[in-house]
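[1] Sequence and computational prediction follow.
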Amino acid sequence: DELLRDLLPGPVTLVLKRSEELNKDLNPFTSLVGVRIPNHPFVRELARACPGPLALTSANISCQASTLTVSEFQDLWPQLSLIIDGGPIGDVQSPECRLGSTVVDLSVSGKFTIIRPGCALTSTVETLRQKYGLIPESS
């Protein structure tokens with residue numbers, strides 16, 4: 001619980017073993033699920049208003065830079081059912097904000113694997129290693 005509070009909310013996605021209670025249609029071909037709690041007031045309020053987990057995707061094509069404003073993914077609008085403008089999700093001038101969240105797999109006890117470095121790599125690895133004594137999976 002303390003580790004979760006240290007990393008979330010924030011620019012980190014944690015990959016964990018899925019619980020039996022989670023909808024089987026979410027990531028149906030893996031036993032893992034990514035959990036993210038952004039530190040953005042609008043998204044957190046939206047999550048509080050929903051009775052269960054929200055399944056979301058980034059508003060960009062895979063492997064492209066993260067979008068920070070709704071106008072930056074205008075080409076995807078025709079394919080979407082709903083667009084909510086909660087304001088910018090970072091400093092639009094900062095290249096680091098476009099790296100997306102740091103994605104870390106915590107599904108193996110005592111170890112971690114960085115799946116995507118993202119914008120919070122250094123602080124995440126420092127927390128995992130120094131405070132919790134976790135070691136990289138490859139070690």
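    Cool, the structure landed. Numbers count the residues shown, from 1 in each chain.

[2] In a strand, Thr113, correct?
    Yes. Counting by DSSP: H, G, I helix; E, B strand; the rest coil, Thr113 falls inside a strand.

[3] what about the strands in the chain?
    Per DSSP state E, the chain carries strands over the ranges 12-17, 32-36, 102-105, 111-116, 135-136.

[4] Report all helices and strands that the last one contacts.
    Strand 135-136 makes packing contacts with strand 111-116 when contacts are defined by 3 or more Cβ pairs under 8 Å, 6 or more residues apart in numbering; DSSP states H and E. Quick note: C-beta positions are derived from backbone N, CA and C, even for glycine.

[5] export the strand it packs on as PDB, just CAs?
    Taking C-alpha atoms only, strand 111-116 is exported to PDB below (Å, rounded to 0.1, in the frame of the first residue of the first chain):
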ATOM      1  CA  LYS A 111      11.600  -7.300  -8.600                       C
ATOM      2  CA  PHE A 112      10.700  -4.700 -11.200                       C
ATOM      3  CA  THR A 113      11.000  -4.300 -15.000                       C
ATOM      4  CA  ILE A 114      10.900  -1.000 -16.800                       C
ATOM      5  CA  ILE A 115       8.600  -1.500 -19.800                       C
ATOM      6  CA  ARG A 116       8.800   2.200 -20.900                       C
END
